[in-house]
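> Could you work out the structure for the sequence below:
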Amino acid sequence: MSISDPRTVVVVGGGITGLAAAFEAATRGARVTVLEAGGRFGGNIWTPEFEGRPVDAAADMFLARVPWALDLVTELGLTDELVSPAANAAWIWARGRARRLPQGLVLGVPTSIPAVARSGILGPLALARAGLDLVRPRYPRRNADDIAVGELIRHRFGRAVNGYLVDPLLGGINAGHTDTLSLAAAVPQLVDGLTGHRSVLVGLRSHLATNPPDPSRPVFHSFRGGMGRLVEALVERLESMGVELVANTPVATLSEVASSADGVVVALPAHAAAALVRTSAPRAADLLATIDAASVAVVLADYDADAVPMHLDGSGLLVPSPEGRRISAVSWASSKWPTIARDGRATFRISVGRDGDDLATKLDDERLLAIVGSELRSLMGIVAEPLATRVLRWPRAFPQYRPGHLRLVDTIERTLMDEARHVRVAGASYRGLGIPACIRQGRDAAASLLAS
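Residues are numbered from 1 along each chain as shown. Down below sits the predicted model:
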C-alpha cells in the first residue's frame, strides 16, 4: 500500500470515532469509504425507541467544557437542537440509604471536608481520616510512574472516600475500579494535586481557582431526540460529501482494504484492532491485545410513577462497589431528560456489571431482570413490577485504562508506524472514552494520515 499520495482513505469502524475520521478526511479533500461490520452506524451511541420514545441505550450526553464535540455540532448546524440535563444532582447509596452527593467534588474527590460531612455519606472516623490529606506528607510517587487512582486516594483520604465517593463516579464512568484505573489516563486533573501540592484537596482547589468553570455554561449536552441525532446528522453530512458508507461489511485483515486505500484509520476497540492488524503489524497487534475491556448491560424500565416511593429529585442513584450489588447505577432518565418524560411514568436506565463482573452479559433476560427488580426493591423501595423493560448488552464495550496506559498507547503508535505507516488506530481504547475524546482522536488520526 503506497502512502506517497494519500488521497484515498478507508475507515474501518462506523462508530463516532470512525465517522469523525471520515468527516475530517473528506473535509480535507480525500475520497473516503467507511466499512462497518454491523447493521447501523454510531457504535456505542444508539437511541432506540422504548415505549414510543427515543431513549439512549448507552451514552446519553457529552461533556460541554471541552471543544471537540461542540465544534462538530457547530459544523453540522445542530447547535439549536442541544439540550442539557434538567437535573444534575446525583445520589449515592451509603450507610443504609440514598444520600445526595455533596457539592465541590471533582470526579468524586473532595475539595471540602465539611461539605462531605454534611452529606452523611461518611461516618466520623472516615471523615477524620479524609481530613488527614491536609497534613500528611507528600505522596511518595515512585520514579514519576503512573499509578492507580485508588492507590493515591486511599493514601491521601482513606478507603471510605475511595470506595464511596471516587470509585462510584470515576469507576462508574469507566465500568471499572479505581484500584486498577490509571491516574494519568483517567484523571489528569489529579496529577496537579499529586505533583504540585502536598495535599490533593488543596491542589484541586488551586487548580479550580486558576481554571474556574463558567457557571453560566452547561456541563453536559445532548439533543432533543437523544444522542443518536448526532450520528444521524453526521451520516447525512458524510453522504452529502460523497463518503461511501458501507454497513454489514466486516473486515478481517488489512490486506482486504490495502488495494483500495492510501491510508487506513482503524476505529475499532483494541481487541478487534489487534485481530485486524495481526498479519501486517504483529508486534503492534500483541500490544493492542493487552488492553482489556469490561462488559455491561443496560436495562430500560418504565414504572408507574406512583409505585416509586423515592422522590426522583436528581439525575440518578450511584451504587458503590463495596455494597456488593450487581447494579452500579440507576439513571432517572425521565427526571434528567424531560423530553422523554411521560405523564404517570418513571423511566430508568439501569447499568449492571463492571470490570471483573460480566455476569450481566451472560444471564438471560429473565434472570437479569429478576436481579434488577430485587435490587431496586432494596435500593429504592420499588415493589411493583415494571410496566415495560428492554435489556441491551454491551460486550467488551468499556476499555480499561490500567496504570501505564498512556505509555502503552505511545508504544503502540510508534510500533504501528514502524510496521504499517499507512495505518492509524483511534477510539475509546486509547486516549479517552468520552464522546468528545473519540471525536478528537478520529479527526486527529485522519489529519495525521493526510499530512504524512
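> how about the strands in the stretch 301-450 of the chain?
Secondary structure of the stretch 301-450 of the chain (DSSP state E, counting those that start in this stretch): strands at 316-318, 327-331, 345-352, 388-399, 423-425.
> For the third one, name the packing helices and strands.
Using 3 or more C-beta pairs under 8 Å, 6 or more residues apart in numbering; DSSP states H and E as the contact test, the elements touching strand 345-352 are strand 293-304, strand 327-331, helix 333-336, helix 365-380. Quick note: C-beta positions are derived from backbone N, CA and C, even for glycine.
> I'd say residue 421 and residue 452 touch.
Yes - using C-beta atoms under 8 Å, residue 421 is in contact with residue 452, at 7.2 Å.
> Residue 421: neighbour count?
Using other C-beta atoms under 10 Å, residue 421 has 14 other residues around it.
> Do you know the pLDDT at it?
Looking at residue 421, its pLDDT reads 93.
> repeat for residue 141
With respect to pLDDT, residue 141 has a value of 60.
> picking that back up, and the strands of the stretch 301-450 of the chain, which is most packed in?
strand 423-425 (a mean of 27; mean count of other C-beta atoms under 10 Å).
> what packs against it?
strand 263-266, helix 270-277, helix 405-419, helix 435-451.
> on contacts alone, who are the packing partners of the last one?
Spelled out, that is helix 435-451. Under the contact definition 3+ C-beta pairs under 8 Å, 6+ apart, helix 435-451 sits against strand 8-12, helix 16-27, strand 62-63, helix 67-75, strand 263-266, strand 423-425.
> Okay, buried residues for it please.
For helix 435-451, burial by neighbour count (16 or more other C-beta atoms under 10 Å) applies to 435-450.
> rewinding a little: the strands of the stretch 301-450 of the chain: which one's closest to residue 75?
strand 423-425 (21.2 Å; C-beta to C-beta).
> okay, now the closest residue to residue 358 other than its chain neighbours: neighbour count?
Nearest residue to residue 358 in three dimensions, chain neighbours excluded: residue 295, at 4.2 Å (C-beta to C-beta, 6 or more residues apart in numbering). Other residues within reach of residue 295, judged by other C-beta under 10 Å, total 20.
> I'd guessed residue 295 sits against residue 361; true?
Yes - shown here, residue 295 and residue 361 form a contact pair, counting by C-beta under 8 Å, at 4.3 Å.
> Need the residues touching each of those two.
Common contacts of residue 295 and residue 361 (C-beta atoms under 8 Å, 6 or more residues apart in numbering): 353, 393-395.
> List just the nearest of the residues you listed to residue 74.
Taking C-beta to C-beta as the measure, residue 74 lies nearest residue 394 of the shared contacts of residue 295 and residue 361, at 29.2 Å.
> how near is that closest one to residue 40?
Using C-beta to C-beta, to the nearest Å, residue 394 is found at 14 Å from residue 40.
> Likewise for residue 248?
Distance of residue 248 to residue 40, given as C-beta to C-beta: 10 Å.
> same thing with residue 285?
Counting by C-beta to C-beta - residue 285 and residue 40 are separated by 27 Å.
> More neighbours: which of the two?
residue 285 (21 against 14).
> any idea how far the more buried one lies from residue 272?
With C-beta to C-beta as the criterion, residue 285 and residue 272 are 11 Å apart.
> do residue 228 as well
Distance from residue 228 to residue 272, by C-beta to C-beta: 22 Å.
> Nearest to residue 374, out of the strands of the stretch 301-450 of the chain?
Of those, nearest to residue 374 by C-beta to C-beta is strand 327-331, at 9.7 Å.
> partners of that closest one, with directions?
Sheet pairing of strand 327-331 (DSSP bridges) gives strand 316-318 (antiparallel), strand 345-352 (antiparallel).
> Touching it from outside, list them.
Residues outside strand 327-331 that contact it (C-beta under 8 Å, 6+ apart) are 60, 168, 172, 175, 296, 315-319, 321, 348-354, 372, 375-376, 379-380.
> one more time with 6 Å, if that's ok
The set of residues external to strand 327-331 that reach it, using C-beta atoms under 6 Å, 6 or more residues apart in numbering, is 172, 316-319, 348-352, 354, 375.
> returning to that earlier point: got JSON lines for the shared contacts of residue 295 and residue 361, with pLDDT and distance to residue 155 too?
Shown next, in JSON lines, are those (pLDDT from 0 to 100; distance: C-beta to C-beta, whole Å):
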{"residue": "353", "pLDDT": "93", "distance to residue 155": "28"}
{"residue": "393", "pLDDT": "96", "distance to residue 155": "37"}
{"residue": "394", "pLDDT": "96", "distance to residue 155": "33"}
{"residue": "395", "pLDDT": "95", "distance to residue 155": "35"}
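> how many neighbours does residue 288 have?
Neighbours of residue 288 (other C-beta under 10 Å): 29.
> roughly how far apart are the nearest residue to it once chain neighbours are set aside and residue 350?
Excluding its sequence neighbours, the residue lying closest to residue 288 (C-beta to C-beta, 6+ apart) is residue 274, at 3.7 Å. Here the criterion is C-beta to C-beta. By it, residue 274 lies 32 Å from residue 350.
> How many neighbouring residues does residue 108 have?
Residue 108, neighbours per other C-beta under 10 Å, totals 24.
> Then the one 3 residues further on?
Each residue near residue 111 was counted by other C-beta under 10 Å, and the total is 21.
> got it, and residue 177?
The number of residues packed around residue 177, counting by other C-beta under 10 Å, is 22.
> list the contacts for it?
171, 355.
> so which of the helices and strands packed on strand 423-425 gets nearest residue 136?
When the helices and strands packed on strand 423-425 are compared by C-beta to C-beta, helix 405-419 sits nearest residue 136, at 26.7 Å.
> Centre of the chain to that closest one, how far?
On the basis of C-alpha atoms, centre = their mean, to the nearest Å, helix 405-419 sits 22 Å off its chain's mean C-alpha point.
> Tell me which residues of that helix come out buried.
405-406, 408-409, 412-413, 415-417.
> Export the residues you listed as a markdown table, with columns for distance to residue 100 and pLDDT.
Conversion of the buried residues of helix 405-419 to a markdown table gives the following (distance: C-beta to C-beta, whole Å; pLDDT from 0 to 100):
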| residue | distance to residue 100 | pLDDT |
| --- | --- | --- |
| 405 | 33 | 97 |
| 406 | 34 | 96 |
| 408 | 38 | 98 |
| 409 | 37 | 98 |
| 412 | 42 | 98 |
| 413 | 43 | 98 |
| 415 | 47 | 98 |
| 416 | 46 | 97 |
| 417 | 49 | 96 |
